[in-house]
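# kindly return the folded structure for what I paste below:
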Amino acid sequence: MVALAESMVGDHPARPCLVLSNVPGAGGLDKARALGIETAVIDHRAFAGARADFEAALIERIDAARPDVICLAGFMRILTPVFTGHYAGRMLNIHPSLLPKYQGLDTHARAIAAGDAEAGCTVHAVTAALDDGPILGQARVPIAPDDTPETLAARILPFEHRLYPAVLVRFIAGDPTPVMLS
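Residues are numbered from 1 along each chain as shown. This next block holds a predicted model:
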């Protein structure tokens with residue numbers, strides 16, 4: 001989120017209008033405030049057993065900010081087709097694997113356990129299917145023989161910080177050509 005927000009300066013075609021979290025006290029909220037970005041929290045725990053109500057509250061708050069594009073970054077909730085449909089064609093996500101491999105959690109550990117030669121990250125358009133939308137960019141990083149999930153994640157993170165802003169610029173320009181980094 002910080003890398004995206006910090007990239008949106010000068011001639012960048014976008015400006016951040018809201019950072020929303022479902023976790024009160026999330027570190028990104030203070031970072032967003034320090035950057036002068038409006039923040040909001042909609043705690044999913046207050047909606048236990050009422051996912052539709054939680055997503056309705058999200059939609060109401062997001063729509064009030066009037067964003068052109070929604071960029072998910074660290075929002076670790078599975079979204080329903082109602083939510084993803086509301087923002088169809090306008091929502092991006094970054095995932096810490098080379099999709100379509102390793103959808104979901106524990107991606108780095110899974111890549112190492114599988115003996116993969118490389119891992120990375122993917123920015124994709126969000127659809128109703130988990131981590132399954134069209135790929136808009138990927139960054140590839142070799143897996144070292146002594147890698148752990150933590151060391152691999154640390155090497156991939158700088159690529160995430162380059163990839164997501166580059167994809168966002170291209171996406172806003174209407175260019176569907178994937179951004180590829182290595």
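# neighbouring contacts of the top helix by length along the chain?
With DSSP state H setting the assignment, residue counts place helix 149-172 as the longest helix in the chain. Among residues not part of helix 149-172, those counted as contacts by Cβ atoms under 8 Å, 6 or more residues apart in numbering are 3-4, 7-8, 12-14, 68-69, 71, 73, 92, 94, 96, 106, 108-109, 111-112, 119-121, 123, 136-139, 141, 143-144, 147, 177, 179, 181. In short, each C-beta sits where N, CA and C put it, glycine included.
# can you tell me which of these are buried?
Using 16 or more other Cβ atoms under 10 Å as the burial test, the contacts of helix 149-172 include 3-4, 7-8, 14, 71, 73, 92, 94, 96, 108, 111-112, 119-121, 123, 136-139, 141, 143, 147, 179, 181 as buried.
# state the mean pLDDT of the longest helix of the chain.
Throughout helix 149-172, pLDDT has a mean value of 97.
# pull that helix out as PDB, backbone CA atoms only.
The C-alpha coordinates for helix 149-172 follow below in PDB (Å, rounded to 0.1, in the frame of the first residue of the first chain):
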ATOM      1  CA  PRO A 149       9.600 -18.900   3.300                       C
ATOM      2  CA  GLU A 150      10.900 -15.900   5.100                       C
ATOM      3  CA  THR A 151      14.000 -15.300   3.100                       C
ATOM      4  CA  LEU A 152      12.200 -15.900  -0.100                       C
ATOM      5  CA  ALA A 153       9.400 -13.400   0.900                       C
ATOM      6  CA  ALA A 154      12.000 -10.800   1.700                       C
ATOM      7  CA  ARG A 155      13.600 -11.100  -1.700                       C
ATOM      8  CA  ILE A 156      10.300 -10.900  -3.500                       C
ATOM      9  CA  LEU A 157       9.000  -7.900  -1.500                       C
ATOM     10  CA  PRO A 158      11.100  -5.300  -3.500                       C
ATOM     11  CA  PHE A 159       9.600  -6.700  -6.700                       C
ATOM     12  CA  GLU A 160       6.100  -6.400  -5.300                       C
ATOM     13  CA  HIS A 161       6.900  -2.700  -4.600                       C
ATOM     14  CA  ARG A 162       8.000  -2.200  -8.200                       C
ATOM     15  CA  LEU A 163       5.400  -4.400  -9.900                       C
ATOM     16  CA  TYR A 164       2.200  -3.100  -8.400                       C
ATOM     17  CA  PRO A 165       2.800   0.600  -9.200                       C
ATOM     18  CA  ALA A 166       3.900  -0.300 -12.800                       C
ATOM     19  CA  VAL A 167       0.800  -2.400 -13.400                       C
ATOM     20  CA  LEU A 168      -1.500   0.300 -11.900                       C
ATOM     21  CA  VAL A 169      -0.200   2.900 -14.400                       C
ATOM     22  CA  ARG A 170      -0.600   0.600 -17.300                       C
ATOM     23  CA  PHE A 171      -4.100  -0.500 -16.100                       C
ATOM     24  CA  ILE A 172      -5.300   3.100 -15.800                       C
END
